[in-house]
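>>> No sequence on hand, only this structure:
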């Protein structure tokens, strides 16, 4: 399903379904510390019911499944959901292809709603009443994000320049460590009770970093097949010249926890 937003990539349309196979293979990259931050907040654990919005290929439910929560994942892309179901075989996780703005789970269904890498895409004035309806009293929204730091990591910086060469409208460039963005419209119904930002070193090989970059919004989700192939050829050549076979890329993680008022 194509998505376009004038505030993202200059309105250039993108479709996560186009890159679902690469997303499934190369974007399950969060280190253990990322998940520890969630568990340390006593969220998404045993005896809790969790809704993961914008679940993609189910990275968060699959990796958090061992902590005992009952997970439900939703995503706007049917292709992403199909990959999530395949990768979650043997796990009791429910998946549905539905936009967050159209969610209609019963009242008081969830202890926690998680949103990882997707919060910027929502129409928040539409989703807030749905979140309030679905959350149990004192329920939480946990918003998470992880991004590479191109100004501090040479491999990330050069890879990012190559994305911009093929997709100059891409607005995902130039990330620096900053708090998760929470729109002011949440203030009436929620209190922000916790924030944290922290550095992360994420391991890659040349192949997995190429795949991670190819599965980003600026390449696989928005370019034509011919453009993706040309970018990948150039990117692989660049990595062969500048990167060892195994390396780490400096990222940062960020989390914000919102508590339902009343």
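That came through fine. The structure presented is a predicted model; accordingly, all values stated were derived computationally and were not measured.

>>> And the pLDDT at residue 180?
Residue 180 carries a pLDDT value of 96.

>>> what's the closest non-adjacent residue to residue 183?
Excluding its sequence neighbours, the residue lying closest to residue 183 (Cβ to Cβ, 6 or more residues apart in numbering) is residue 124, at 5.0 Å. For the C-beta atoms, the positions are set from N, CA and C on the backbone; glycine is no exception.

>>> do the same with residue 156
Distances taken as Cβ to Cβ, 6+ apart place residue 148 nearest to residue 156, at 4.0 Å, with adjacent residues excluded.

>>> And residue 201, by the same measure?
Nearest non-adjacent residue to residue 201, counting by Cβ to Cβ, 6+ apart: residue 248, 4.3 Å away.

>>> Can you tell me the SS state at the one you found?
strand (DSSP: H, G, I helix; E, B strand; the rest coil).

>>> got the contact list for it?
Counting by Cβ atoms under 8 Å, 6 or more residues apart in numbering, residue 248 touches 201, 202, 203, 204.

>>> Just confirm the last one contacts residue 251, I think it does.
Read it as residue 204. No: the criterion here is Cβ atoms under 8 Å, and residue 204 misses it with residue 251 at 10.5 Å.

>>> sorry, back to before: what sits opposite the residue nearest to residue 201 in the beta ladder?
residue 203 (DSSP bridges).

>>> what's the answer for residue 5, then?
residue 8.

>>> quick one: pLDDT of it?
72.

>>> how close does it sit to residue 123?
9 Å (Cβ to Cβ, to the nearest Å).

>>> mind listing what's buried in stretch 55-65?
Neighbour-count burial for stretch 55-65 flags 55, 56, 57, 58, 59, 60, 61, 62, 64, 65 (criterion: 16 or more other Cβ atoms under 10 Å).
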